[in-house]
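S.K.: Structure of the sequence below:
(one chain, ligands or ions: 2)
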Amino acid sequence: MLNVGVIGTGMIGQDHIRRMTRVLAGVRVAAVADVDASLAARIADRAGARAAPDGEQVIADPQVDAVLVCSWGPTHEQYVLAAIAAGKPVFCEKPLATTQQACLRVVDAEVRHGARLVQVGYMRRYDAAYRALKQVVDAGDIGAPLMMHCAHRNPRVPAFYEPQSAITDTAVHEIDMVRWMFDDEIVAARVLVPRRSRNGGDLQDPLLLLLETGGGVLVDVEISVNVRYGYDIRGEILGENGTAALAERGLVTVRRSGALAAPVPVDWRERFLAAYDVELQEWIDALAADGAPAGPSAWDGYAAAVVSDAGVAALRTGERVAVRMAERPRLYHRPAPQARPVNDSREVPA
Ligand SMILES: NC(=O)C1=CN([C@@H]2O[C@H](COP(=O)(O)OP(=O)(O)OC[C@H]3O[C@@H](n4cnc5c(N)ncnc54)[C@H](O)[C@@H]3O)[C@@H](O)[C@H]2O)C=CC1
Ligand SMILES: O=C1[C@@H](O)[C@H](O)[C@@H](O)[C@H](O)[C@H]1O
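M.R.: Residues are numbered from 1 along each chain as shown. Ligands and ions are numbered 1, 2, ... in the order given. Here you go, the predicted model:
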């Protein structure tokens, strides 16, 4: 049984506590903390856990085997570094930290520790639809990928959402997904800006983020965070010989009065419900089997931050901004992906 301590009991903290207490196997919530002590006490009571006075005491608790960081982004670095110092595995919600320098400090601390402890909450890698899309790409079924079209639409965003949040908080999911989908690095970013939606007030919304991968795939990401109608995530890949897209979701479509209707998720909790379940179950299982996480690493968190920064600079300047990353430490080297011939159409010769 993995005893987990949760730091931050807001929206996603509560959602992860719910799944660890009611849905997942091999895990128990042992302790929780939040700067809002009364909130932490209520959530601890509901989960049958101890409410600790602060995050540091969750990490130091001898009953806690592993830590889940779900507090606000600017607090992530201090907790992840403290967990590494304590030698405890730590799952950190995205972003790993809010600057690339802070992410590098986490990478350096983990490298000094000498083994992986950190996993970052990029849950799209665990979503059934994204996994199916990657399978099609990896199998070469549509030939070499050339372009990907994405849309990331939120019904609304909170008042503290800043102009750069569209990239650092929202499109950062596509940034991680693209690196994973194409086993490739993003080498440059550009941002195009259309007229503003009146739903967003002073916020520049929507935006179009353009990403170039080292292998020459061009990705466009529409980020619209005030669409009102629901939470809508799209992705379609154009290959040399075909296309593959995330399918429309929902269990039912209704044809009535001359119209076809299907439900749209209300928010990220609904759209990625199963992905978060798989993500945390695989984390728990990996720790039980190997004592180390196998999902998105501190290096992936750093890489996403570097590309985000390039996107923010592109938004500010209107220019194409090249992505410059530090050298990847050996701890994060992956086995080379299977080489796939560029013109492998999988057609049977006539
Ligand atoms: N993977 C995903 O799809 C999602 C990830 N997130 C990420 O999760 C994190 C939390 O987001 P939400 O739950 O939406 O925010 P939230 O505002 O609902 O909850 C954050 C909680 O952290 C607490 N907190 C702040 N500073 C703290 C500190 N120093 N120590 C302990 N607790 C502290 C706050 O009091 C609050 O209760 C963010 O980094 C966000 O980007 C959020 C939504 C979805
Ligand atoms: O991570 C998330 C939020 O923090 C973010 O604010 C939303 O835009 C994303 O859709 C959601 O997945």
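
S.K.: mind listing what's buried in the longest helix along the chain?
M.R.: Taking DSSP state H as the assignment, the helix of the chain that covers the most residues is helix 298-317. For helix 298-317, the neighbour count (16 or more other C-beta atoms under 10 Å) marks 298-315 as buried. Any C-beta I mention is one placed from the backbone N, CA and C, and that applies to glycine too.

S.K.: Does the residue in the stretch 1-150 of the chain positioned nearest to ligand 2 lie in a helix or a strand, and which?
M.R.: Relative to ligand 2, the nearest point of the stretch 1-150 of the chain is Lys94 (6.1 Å; C-beta to the nearest ligand atom). Lys94 belongs to no helix or strand when assigned by DSSP states H and E.

S.K.: Does ligand 2 have contacts with the helix or strand Val219 falls within?
M.R.: Applying DSSP H and E as the criterion places Val219 in strand 218-224. No - using C-beta under 6 Å from any ligand atom, we find that strand 218-224 stays clear of ligand 2, coming within 8.1 Å at best.

S.K.: after that strand, next one along is what?
M.R.: Following strand 218-224 in sequence order, the next helix or strand is strand 232-239 (DSSP H and E).

S.K.: Next, the angle from that next one to strand 218-224.
M.R.: 170 degrees (axes from the mean of the first three to the mean of the last three C-alpha atoms, to 10 degrees).

S.K.: Skip ahead from strand 232-239 and say which helix or strand is next.
M.R.: strand 243-245.

S.K.: Does Ala25 touch Asp277 like I think?
M.R.: No - in this structure Ala25 lies outside contact range of Asp277 using C-beta atoms under 8 Å: 10.7 Å.

S.K.: Settle it for me: which of these two has more neighbours?
M.R.: Asp277 (16 against 10; other C-beta atoms under 10 Å).

S.K.: Correct me if wrong: the residue of the stretch 1-150 of the chain closest to ligand 2 contacts Ala171.
M.R.: No - counting by C-beta under 8 Å, Lys94 stays clear of Ala171, with 11.4 Å between them.

S.K.: Give me the more crowded residue out of the two.
M.R.: Shown here are Lys94 and Ala171; by other C-beta under 10 Å, Ala171 has more neighbours (27 against 21).

S.K.: Nearest residue to the residue of the stretch 1-150 of the chain closest to ligand 2 in space, ignoring adjacent ones along the chain?
M.R.: Gly121 (5.0 Å; C-beta to C-beta, 6 or more residues apart in numbering).

S.K.: Export stretch 231-239 to PDB, keeping only CA atoms.
M.R.: Output of stretch 231-239 as PDB, limited to C-alpha atoms (Å, rounded to 0.1, in the frame of the first residue of the first chain):
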ATOM      1  CA  TYR A 231     -14.500  22.100 -22.800                       C
ATOM      2  CA  ASP A 232     -13.400  21.100 -26.200                       C
ATOM      3  CA  ILE A 233     -10.000  19.400 -27.100                       C
ATOM      4  CA  ARG A 234      -9.200  18.500 -30.700                       C
ATOM      5  CA  GLY A 235      -6.300  17.100 -32.600                       C
ATOM      6  CA  GLU A 236      -5.900  16.000 -36.100                       C
ATOM      7  CA  ILE A 237      -2.600  14.800 -37.800                       C
ATOM      8  CA  LEU A 238      -2.000  15.100 -41.500                       C
ATOM      9  CA  GLY A 239       0.300  12.400 -42.700                       C
END
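
S.K.: buried residues in the strand holding Val219?
M.R.: 219-224.

S.K.: Ok, stretch 86-94 next?
M.R.: Going by 16+ other C-beta under 10 Å, stretch 86-94 has these buried residues: 88-94.

S.K.: before we move on, what about stretch 184-204?
M.R.: 184-191, 197, 200, 203-204.

S.K.: can you check stretch 73-84 too?
M.R.: Neighbour-count burial for stretch 73-84 flags 73, 75-84 (criterion: 16+ other C-beta under 10 Å).

S.K.: where in the protein is pLDDT low?
M.R.: 335-350 (pLDDT under 70).

S.K.: Nearest to ligand 1 within it, name that residue for me.
M.R.: Nearest residue of the chain to ligand 1, counting by C-beta to the nearest ligand atom: Gly10, 1.7 Å away.

S.K.: contacting residues around the residue most central in space within the chain?
M.R.: With distances taken as C-alpha atoms, centre = their mean, Tyr122 lies nearest the centre of the chain, 2.3 Å away. By C-beta atoms under 8 Å, 6 or more residues apart in numbering, the contact set of Tyr122 is 94, 173, 176-177, 180, 295-296, 300, 304.

S.K.: How about Met325: what's its closest non-neighbour residue?
M.R.: Leaving out its chain neighbours, the residue that sits closest to Met325 by C-beta to C-beta, 6+ apart is Val306, at 5.2 Å.

S.K.: actually Gln119, not the one I typed
M.R.: Using C-beta to C-beta, 6+ apart, the closest residue to Gln119 is Pro293 (3.8 Å).

S.K.: Sticking with Ile284, tell me its helix or strand.
M.R.: Counting by DSSP H and E, Ile284 is part of helix 273-290.

S.K.: so how far is that helix from its chain's centroid?
M.R.: 14 Å (C-alpha atoms, centre = their mean, to the nearest Å).

S.K.: Just the CA trace of it, in CSV.
M.R.: Extracted as CSV, the C-alpha positions of helix 273-290 are listed here (Å, rounded to 0.1, in the frame of the first residue of the first chain):
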residue,chain,number,x,y,z
LEU,A,273,-11.5,11.8,-16.0
ALA,A,274,-10.2,8.4,-17.2
ALA,A,275,-6.8,9.8,-18.2
TYR,A,276,-6.1,11.1,-14.7
ASP,A,277,-7.2,7.6,-13.3
VAL,A,278,-4.7,5.8,-15.6
GLU,A,279,-2.0,8.4,-14.9
LEU,A,280,-2.1,8.0,-11.2
GLN,A,281,-2.7,4.2,-11.2
GLU,A,282,0.4,3.8,-13.5
TRP,A,283,2.4,6.0,-11.1
ILE,A,284,1.3,4.0,-8.1
ASP,A,285,2.1,0.7,-9.9
ALA,A,286,5.5,1.9,-11.1
LEU,A,287,6.5,2.9,-7.6
ALA,A,288,5.3,-0.4,-6.2
ALA,A,289,7.2,-2.4,-8.9
ASP,A,290,10.4,-0.3,-9.4
